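Peer 1: Compute the structure for the input listed below.
(2 chains)
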Amino acid sequence: MISKSPVIETDSLTKNYGTFCATDHISLTVTAGEIFGLIGPNGAGKSTLIKMLTTLLPPTSGSARVAGFDLIGDAAHVRAHIGYVPQLLSSDGALTAYENLLMSARLYAIPRAIRQVRIAAALKMLDLSDAADKLVQSYSGGMIRRLEIAQSMIHQPAVLFMDEPTVGLDPVARRNVWAHIRDLRDRLGTTILLTTHLMDEAEDLCDRLGVLNAGRLQSVGTPRELEAAVGSDATLDDVFAAITGSELETEGGRRNVQHHRDNQHTPA
Amino acid sequence: MSSIIATTSTPPPDMGHMGRVAAYLTQIQAVADTEIRKLRHDPGELYTRALQPLIWLLLFGEVMAQVKGLNSTGGSYLEFLAPGILAQSVLFAAIFYGIAAIWERDLGVLHRYMVSPAPRSTLVLGKAISSGVRGLTQAIVVYALAFLLGIKLSFSPVDIVGVAGLICIGSALFSTFSLIIACIVKTRERFMGIGQVLTMPIFFASNAIYPIDIMPRWLQVISSLNPLTYEVDGLRYLMLADGTTKYGLWLDFGVLFAVTAVLVAIAARMYPRLTR
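Peer 2: Have a look, this model is predicted:
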């Protein structure tokens, strides 16, 4: 049974880099068992918001509770109850899937007595049992994503954060990853917060969406609600265009991720 | 499949499952064991790293042995040089840990460490220990080379254990130092620039390849503040059959431990900056 208590609650969460405001007073509530999607153009603040909620980045102001713990005052407990699949590859290609999972299990101090059971269950749930002892550098993109998800849920977190979970995957692998994300929510009741640039991912996978633009949370609702607000037969693409204006044309593509990242790491 | 998970679905993981100390050690092991497994999967790096000490001992050592002023310690210059080259090869291997950390950040592996509840000091110590293991593999190579070159080594078990200890603590010290530099400069390009600039003075402003006594006064002062000097001093005593120590083993180990402890504390505070 999925309870409807809030699992993520942010109150005016703000991050400034110098004079640039990456997220501007974001107040958002995500309830237990939801798959919540953040959409918006590059630079809208999606990754910054996820980095704050996963304790990687200290907010400039505002507060948040994640999985029942205060984000700022109790970061260690927040970390014990969340999982994170970053935008870029976070599994180690020079290790096998089993070794990657072993590392994660140890990082979360999962007791030795149940470590092997947890690893086997995670491999099975993400359909990786047969490839467990192969080096990850021989994996396909879809397999790596599944392994990353397995690693991120080895400690059975209350919330799983995913930054563009299907970027770079072919349509078949993408649908496969969606099925596994739904499976996680349905079987374990995991709350999922993800970012995406794919409107079909937002439409088919997410229960509710938040639209970010220029650091502000412009609107929140189910895909149907957001579409109805724009027009009678509007699509999510129309919603995106209506909220973000012409930026869809110029900022929609994912060019030069590395450059984007480097800029994030060395804020002016 | 869900039944397996359901049966082990105890309350969310908390350190309460394990003793605090056991959890802390497990988290160090998570990082250290990962590095050691990677070395086992691809040991090629260990072979290529063996070349540098060979070149130093064979080319530099044989020529410089002809220089009269360098034979001040009594034994042959090659004997004097071997512990210095061991310390050097360990230093050069350790100093690459910073760039590896930046690499892990660029890949996203570091994010996985940073979102976990593992205390930051366990992540730093895990890296330091894996650097120590890498250093020990270097030591085996240098011992083999030194033996072939006819250098009289000490093979007493106590001395061997002492050498292993010095190698581990020296590797930990310089890999942690490198990690701190990485946290400051943050990009590979900048690290490459500064890495060279730092490594050379550490190496040359030490007693690694010449005795401190022949240095000008100002350089003697700098060398006596350089942790590498104490590592080499201890190695010179423990590695050679008739080795001597200028400062004494207590001071050698004491300086290395103290500096490492301070660096680990600093690195644990700075490491999270890499993923911001």
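Peer 1: Please report how far B:I214 lies from A:V78.
Peer 2: 58 Å (C-beta to C-beta, to the nearest Å). Bear in mind the C-beta positions are built from the backbone N, C-alpha and C, glycine included.
Peer 1: Which one's more surrounded, these two?
Peer 2: For B:I214 versus A:V78, neighbours defined as other C-beta atoms under 10 Å in any protein chain shown are more numerous around A:V78 (25 against 11).
Peer 1: Identify, by residue count, the longest helix of chain A.
Peer 2: The helix that spans the most residues within chain A, counting by DSSP state H, is helix A:171-188.
Peer 1: For stretch A:223-233, give me every contacting residue.
Peer 2: Stretch A:223-233 is contacted from outside by A:202-203, A:206, A:209, A:211, A:219, A:221, A:234-236, A:238-239, A:242, using C-beta atoms under 8 Å, 6 or more residues apart in numbering or on different chains.
Peer 1: For it, buried residues please.
Peer 2: A:223, A:226-227, A:230 (16 or more other C-beta atoms under 10 Å in any protein chain shown).
Peer 1: and what of stretch B:215-225?
Peer 2: For stretch B:215-225, burial by neighbour count (16+ other C-beta under 10 Å) applies to B:215, B:223-224.
Peer 1: ok, those residues vs chain A, which is closest?
Peer 2: The shortest approach to chain A among those belongs to B:S223, at 35.3 Å (C-beta to the nearest C-beta).
Peer 1: what's near enough to touch the closest one?
Peer 2: B:205-207, B:212, B:215, B:229.
Peer 1: Serialize the residues you listed to CSV and add fields for secondary structure, pLDDT and distance to B:L256.
Peer 2: Formatted as CSV, the contacts of B:S223 follow (DSSP: H, G, I helix; E, B strand; the rest coil; pLDDT from 0 to 100; distance: C-beta to C-beta, whole Å):
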residue, secondary structure, pLDDT, distance to B:L256
B:A205, coil, 93, 17
B:S206, coil, 95, 13
B:N207, coil, 94, 14
B:I212, helix, 90, 17
B:M215, coil, 92, 21
B:T229, helix, 97, 10
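Peer 1: Would you point out the most distant pair within these?
Peer 2: Taking C-beta to C-beta, the two most distant members of the contacts of B:S223 are B:M215 and B:T229; they sit 10.8 Å apart.
Peer 1: Okay, buried residues for stretch B:100-110 please.
Peer 2: In stretch B:100-110, counting by 16+ other C-beta under 10 Å, buried: B:100-102, B:104-110.
Peer 1: Could you single out the nearest of the buried residues of stretch A:223-233 to chain B?
Peer 2: A:P223 (27.7 Å).
Peer 1: just for the chain, where's the confidence low?
Peer 2: All of this refers to chain A. For chain A, the stretches flagged by pLDDT under 70 are A:1-3, A:246-268.
Peer 1: My question was about chain B, not that one.
Peer 2: Residue ranges of chain B with pLDDT under 70: B:1-18, B:69, B:71-74.
Peer 1: Give me the most central residue, it.
Peer 2: For chain B, B:S171 is the residue whose C-alpha lies nearest the centre (C-alpha atoms, centre = their mean; 1.3 Å).
Peer 1: Who are the contact partners of the closest residue to it other than its chain neighbours?
Peer 2: Spatial nearest neighbour of B:S171, chain neighbours left out: B:G135 (3.5 Å); criterion: C-beta to C-beta, 6 or more residues apart in numbering or on different chains. Contact analysis of B:G135 by C-beta under 8 Å, 6+ apart lists B:90, B:93-94, B:167-168, B:170-171.
Peer 1: Ok, A:E203 next?
Peer 2: A:223, A:236.
Peer 1: What segments of the chain are strands?
Peer 2: The chain I'm using is chain A. Secondary structure of chain A (DSSP state E): strands located at A:6-17, A:20-31, A:35-39, A:61-66, A:69-70, A:82-85, A:159-163, A:191-195, A:208-213, A:216-221.
Peer 1: just the stretch 101-250 of chain B next, same as before
Peer 2: Secondary structure of the stretch 101-250 of chain B by DSSP state E, counting those that start in this stretch: no strands are present.
Peer 1: which bits of it sit near chain A?
Peer 2: B:105-109, B:111-119, B:186-187 (C-beta under 8 Å from any C-beta of the partner chain).
Peer 1: Inside helices: which ones of the residues you listed?
Peer 2: Among these, the members falling in helices (DSSP H) are B:105-107, B:109, B:111-114.
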